[in-house]
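# Predicted coordinates and the sequence they were generated for:
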Amino acid sequence: MADSKNEIPVENPETEKCHCPICLEKVRNPKYLPCYHTFCEPCIQTYISSTAAHKENETLKSIECPVCRRCIDAPRCDISDEEWASELPQNKLILTMSVDPEQDENKYCMFCKRLEKTVPANQWCKVCMEAICEDCKSLHRAAPSLQNHKILNLSNIKEVDSEIEIEESCMLHQGKILDVFCQHHRKLCCIVCLVKHHKLCKNVDTVEDMALEIDRDSIQKISLKYIGLEKNLEDMLSENKNRLDKLNARKQEICVTTEEKIQEIKTLLDNAHAKWLKQFEQNHADSIGNIEIAFDELKRFSTTVHEARTMLQSVLKFGSSKQLFITNYKLQNQISDHITRFKSLDIWNFSEDYKQHNSDFLSQISNAKEFEDVELSKVQKRAVEIISLSVPEVDDKDNILQRRKTMSQKNWMQVKFEKRSQISGFPERVYYGLFIHDTRVIFSLTSPPALKIYDISKPTGECVHTEKCQNTPYGLCHTGLSLNELYVSFENFINHYLIDITETITFTKLGTIQLKEPMLAISCGPTTAFAANKTKRMICSLDFCVNHSSAYVCPGSAAPFVSSSTISDRHCFIRGGVVIVVDGNNQEIFKSAWHENLRGLTFDLNDNILVCKHKTTKLKQFKHGKSESRDIDLEGITETYNVILHPAGEKILVLDFNEKCCVYQVS
């Protein structure tokens, strides 16, 4: 029994062997792909034969990993499926951790067998990972290259299974061993990798030295977190299954009710009914399809986590410190890559229920000549955020949720703003900006249409990338917790981008949302989105379908300003010089008592509101739900025009009316 109710019991790795994700049996002749997922050689060969295909305009065949869907290219053009599977690296760690003297391959000396001799084996070489006889043991002592091999009696299986240490091969350079770790790039390297790619890196250590610093207790805690993560995934899979059942049941219920009413007026309604049913079936198929895709992705990720946890617990029990370091590093990166793929998928806004407001079909067919569509309600399930919280972070400073939680504990009515960077000389007035990295900000420019990225790591910010646009970009907002994943409004449609910020900056368009209403300013909260054009403001679902709309007057500027809270379902805007706060149902819940010349605004992490006082150097801050307020002077600003908060709350960006902006540290 666990010592604490919060402690998660650790399963015995001896009771849970590594299984092939394809056949679900104990893995045989384990082979692994570059993403580290391991399969039986016959299974992965069959998979390659059935799925390998050429990409468009490419000569190499490729497959997708059966678990994480990473694209894997064949090693060369002329390779057969059998050769490809055979040349995949063998997972020697799994082989070594499953040594069984009773297995046929371990009963006889493998050295002698290659010479077509059958000699019983009684020894085990931990480096060769093979059973040998007494004569071949003597050969090890005689051959200089074999003298350092550790040889044990095969009958003592506990010694054979202890202090496992495999020479891990480099995936890029055949025959080379991973024996160096580059601290700067966080990469395992062989000697060729080191010479080619890391010769200028100053912080490089041997794997043996890194292994000396390994903390088994901390890795044990990581293993425990994987158990918790598996439980979260099981709950989400169960929730998705229940949701499928609920939607199917509701669909059946509505269809039956509708059919009964239609029978009463069949002659007049047949054509309208057929049209309605086709649309309903299509919407239902789209809803179910999205949930099934998410279900499949979660199940695949569950397999990745299960494999990682099983492997880590086994190495904790049987592996050396060096092996523990290497295995933990590889598993952490495997899970991190899988989560990165999750973030690129636009599948997490689930259909929740159907609503049929009016079943008076006779009236509908008499007036509109068609049936009113069944309304679909959606809810955003923040699966990626839940998973991110459960996954042990390699570096906590990148955890936006944790950083936001820390900053939200401050009293924001007393925080100070210290100027850190200034950008001057915009080619035109800029209305919208966004943090996409701790040291990068992005702005939308209208003439010529472009998205510009600036480096703010120095006192004077400089432009590091310009992304030209065919249409004029307007409002910007994040799609979730990833700084580099955002929506950009182009008035009649919204593009979903993933921005890769490395040595070179690249934009990847993940999707496009066609809008039924023009939208200039946009923002996303936890459950609803907010948008506005010059005459209308809109409460939307997170895919920008309009749920509520109201008349709106743009406050004396060329662009509207709106903001959504990151911690509650609240949105704010300016109306007649007054700050207004509404909830996700468009119900007004706060109105400031002051009438001033106000412009851009944002919520802080206590749900207070920071708003720009036009033609002054000040920000005005309204306390959450109260009449209390304060004025904040800003160094470097001539006329405040719009204000943007970093998602973690650590910085703010203030745009100046006079074609410049400043970045401030919050303290």
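All right, it came through fine. Residues are numbered from 1 along each chain as shown.
# Is it correct that Thr304 is in contact with Ile335?
Yes: with contact defined as CB atoms under 8 Å, Thr304 and Ile335 form a contacting pair (6.3 Å). Heads up, the C-betas are built off the backbone N, CA and C, glycines and all.
# Which stretches in the stretch 551-667 of the chain count as helices?
Read by DSSP state H, counting those that start in this stretch, the stretch 551-667 of the chain holds no helices at all.
# What ranges does it have for its strands?
Using DSSP state E, counting those that start in this stretch, the strands found in the stretch 551-667 of the chain span residues 562-564, 570-575, 578-583, 588-591, 598-603, 609-613, 618-622, 629-633, 640-645, 651-656, 660-666.
# Show the average pLDDT along the third one.
If you average the pLDDT over strand 578-583, you get 92.
# strands paired with that strand, and their directions?
strand 570-575 (antiparallel), strand 588-591 (antiparallel) (DSSP bridges).
# again with the longest one
Strands adjacent to strand 660-666 in the sheet, as given by DSSP bridges, are strand 417-424 (antiparallel), strand 651-656 (antiparallel).
# then the shortest one to CSV, C-alphas only?
Output in CSV follows, covering the C-alpha atoms of strand 651-656 (Å, rounded to 0.1, in the frame of the first residue of the first chain):
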residue,chain,number,x,y,z
LYS,A,651,5.7,41.4,-19.9
ILE,A,652,3.4,43.9,-21.5
LEU,A,653,3.6,45.5,-25.0
VAL,A,654,2.3,49.1,-25.4
LEU,A,655,1.8,50.5,-28.9
ASP,A,656,2.3,54.3,-29.3
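# what's in contact with that strand?
417, 420, 430-431, 433, 435, 438, 441, 600, 602, 610, 612, 619, 634, 637-646, 661-666 (CB atoms under 8 Å, 6 or more residues apart in numbering).
# do that again at 7 Å, thanks
Outside strand 651-656, the residues that touch it by CB atoms under 7 Å, 6 or more residues apart in numbering are 417, 430, 433, 435, 441, 600, 634, 637-646, 661-666.
# Buried ones among those residues?
Buried subset of those (neighbour count, 16 or more other CB atoms under 10 Å): 417, 430, 433, 435, 441, 600, 634, 637, 639-646, 661-664, 666.
# Just name the shakiest helix or strand of the protein by mean pLDDT.
Within the chain, no helix or strand scores below helix 157-161, which has a mean of 62 by mean pLDDT, DSSP states H and E.
# by contact count, what packs against the top helix by length along the chain?
Ranked by residue count, the top helix of the chain under DSSP state H comes out as helix 266-318. With contacts taken as 3 or more CB pairs under 7 Å, 6 or more residues apart in numbering; DSSP states H and E, helix 266-318 sits against helix 216-264, helix 321-343, strand 349-355, helix 361-367.
# could those go into JSON lines alongside mean pLDDT, mean neighbour count and distance to Glu83?
Below are the helices and strands packed on helix 266-318 laid out as JSON lines (pLDDT from 0 to 100; neighbours: other CB atoms under 10 Å; distance: least, CB to CB, whole Å):
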{"stretch": "helix 216-264", "mean pLDDT": "88", "mean neighbour count": "15", "distance to Glu83": "35"}
{"stretch": "helix 321-343", "mean pLDDT": "84", "mean neighbour count": "19", "distance to Glu83": "25"}
{"stretch": "strand 349-355", "mean pLDDT": "78", "mean neighbour count": "16", "distance to Glu83": "43"}
{"stretch": "helix 361-367", "mean pLDDT": "76", "mean neighbour count": "14", "distance to Glu83": "64"}
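# Okay, now the unreliable bits of the stretch 1-150 of the chain?
Scanning the stretch 1-150 of the chain for pLDDT under 70 picks out the ranges 1-17, 56-57, 97-105.
# which stretches of it form strands?
Along the stretch 1-150 of the chain, the stretches classed as strands by DSSP E, counting those that start in this stretch are 30-32, 38-40, 53-54, 61-64, 71-73, 123-125, 130-132.
# For Asp353, which residues are in contact?
250, 377.
# ok, now with 6 Å
By CB atoms under 6 Å, 6 or more residues apart in numbering, Asp353 lies in contact with Ser377.
# ok so Glu503 is a helix residue?
No: read with DSSP: H, G, I helix; E, B strand; the rest coil, Glu503 is coil and lies in no helix.
# what about it, how many neighbours?
Number of residues near Glu503 (other CB atoms under 10 Å) recorded here: 4.
# what number of residues lie near the closest residue in space to Ile499 that isn't next to it in sequence?
Leaving aside its chain neighbours, Ile499 sits nearest to Asn484 (4.5 Å; criterion: CB to CB, 6 or more residues apart in numbering). Using other CB under 10 Å, Asn484 has 19 neighbouring residues.
# where does Asn484 fall, phi/psi-wise?
phi -90, psi 10 (degrees, to the nearest 10).
# any idea how far it is from Thr257?
47 Å (CB to CB, to the nearest Å).
# got the strands paired with strand 578-583 as a markdown table, with mean pLDDT and distance to Ile63 columns?
As requested, the strands paired with strand 578-583 are exported to a markdown table (pLDDT from 0 to 100; distance: least, CB to CB, whole Å):
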| stretch | mean pLDDT | distance to Ile63 |
| --- | --- | --- |
| strand 570-575 | 92 | 46 |
| strand 588-591 | 90 | 53 |
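# winner for burial among these?
strand 570-575 (a mean of 23; mean count of other CB atoms under 10 Å).
# Does the residue nearest to Leu154 when sequence neighbours are not counted have any beta-bridge partners, and if so which?
Among residues not flanking Leu154 along the chain, Trp124 sits closest, at 4.6 Å (CB to CB, 6+ apart). Applying DSSP bridges to Trp124 gives these bridge partners: Ala131, Leu152.
# And stretch 645-659, what's buried?
Using 16+ other CB under 10 Å as the test for burial, stretch 645-659 gives 645-657.
# again with stretch 469-484
For stretch 469-484, burial by neighbour count (16+ other CB under 10 Å) applies to 469, 472-484.
# Would you check which pair of those lies furthest apart?
Of all pairs drawn from the buried residues of stretch 469-484, the greatest distance, 28.2 Å, lies between Thr472 and Leu481 (CB to CB).
# before we move on, back to that, output the strands of the stretch 551-667 of the chain in a markdown table; the columns should cover distance to Arg300.
Listed next are the strands of the stretch 551-667 of the chain as a markdown table, based on distance: least, CB to CB, whole Å:
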| stretch | distance to Arg300 |
| --- | --- |
| strand 562-564 | 32 |
| strand 570-575 | 36 |
| strand 578-583 | 37 |
| strand 588-591 | 42 |
| strand 598-603 | 36 |
| strand 609-613 | 42 |
| strand 618-622 | 46 |
| strand 629-633 | 48 |
| strand 640-645 | 35 |
| strand 651-656 | 36 |
| strand 660-666 | 39 |
